[in-house]
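Visitor: Have a look at this fold, sequence not included:
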């Protein structure tokens, strides 16, 4: 039987390869070697959130000053403040329904309304006429504002469309 010299050279390599893929049966076989690095570096971590994203910032606590009493003809004090859409985060300046109501202005996401007149009803409702500017245009509109009994929701009716916002 004749074997070639290249086959004899390959024999030791074939014996070494299976040894490289062998995993130790016990941790004591190789002291100081960690089989799962995550178990050693993050042993006390809470379970990750369902979406797998761990927030690094806390939600800011934005303090809103109390409403300023407005003279007659301006937005009622109970309706003043910062408002956001029911599903939006308060303080998100990019939110489409973000609104700041001031005694003499309505600051929407993409427009500003300067209050011209206010007719207040005794049932926490008011009709606010304002001159608006935004996105290179100007217009005048009368909005119907209605405050919820608990003061936590403001409904604004504009051209027959009602949008309810939550107080921030």
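Guide: Received it, and whenever you're ready, just let me know what you need. Given the structure is predicted, the values throughout are model-derived calculations rather than measurements.

Visitor: Quick check: phi and psi at the residue lying closest to residue 135 once chain neighbours are set aside.
Guide: Distances taken as CB to CB, 6 or more residues apart in numbering put residue 110 closest to residue 135, at 5.8 Å, once the chain neighbours are dropped. In short, each C-beta sits where N, CA and C put it, glycine included. Here is the backbone geometry of residue 110 (degrees, to the nearest 10): phi -130, psi 10.

Visitor: For residue 110, report the pLDDT, please.
Guide: With respect to pLDDT, residue 110 scores 89.

Visitor: do the one 4 residues further on as well
Guide: Reading off the confidence values, residue 114 has pLDDT 93.

Visitor: Partner strands of the helix or strand hosting it, with direction?
Guide: Element membership for residue 114, per DSSP states H and E: strand 112-121. Here strand 112-121 has these sheet partners by DSSP bridges: strand 105-107 (antiparallel), strand 125-134 (antiparallel).

Visitor: Name the residues of the shortest one that are buried.
Guide: Spelled out, that is strand 105-107. residue 106 (16 or more other CB atoms under 10 Å).

Visitor: Go ahead and name everything in contact with it.
Guide: Strand 105-107 is contacted from outside by 75, 99-101, 112-115, 128, 130, 143, using CB atoms under 8 Å, 6 or more residues apart in numbering.

Visitor: for the record, mean pLDDT for it?
Guide: 93.

Visitor: Flag every buried residue along stretch 99-109.
Guide: Residues 99, 101-103, 106, 108 are the ones in stretch 99-109 that count as buried (16+ other CB under 10 Å).

Visitor: Those residues into JSON lines, with extra columns for distance to residue 160 and secondary structure?
Guide: Putting these into JSON lines (distance: CB to CB, whole Å; DSSP: H, G, I helix; E, B strand; the rest coil) gives the following:
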{"residue": "99", "distance to residue 160": "19", "secondary structure": "strand"}
{"residue": "101", "distance to residue 160": "21", "secondary structure": "strand"}
{"residue": "102", "distance to residue 160": "25", "secondary structure": "coil"}
{"residue": "103", "distance to residue 160": "27", "secondary structure": "coil"}
{"residue": "106", "distance to residue 160": "18", "secondary structure": "strand"}
{"residue": "108", "distance to residue 160": "18", "secondary structure": "coil"}
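
Visitor: Heading C-terminal from the helix or strand of the chain with the lowest mean pLDDT, find the next helix or strand.
Guide: The weakest-scoring helix or strand in the chain, judged by mean pLDDT, DSSP states H and E, is helix 37-41 (a mean of 49). Next helix or strand after helix 37-41 toward the C-terminus (DSSP H and E): strand 81-85.

Visitor: Counting by contacts, list what that next one packs against.
Guide: Contacts defined by 3 or more CB pairs under 8 Å, 6 or more residues apart in numbering; DSSP states H and E place strand 81-85 against strand 99-101, strand 161-167.
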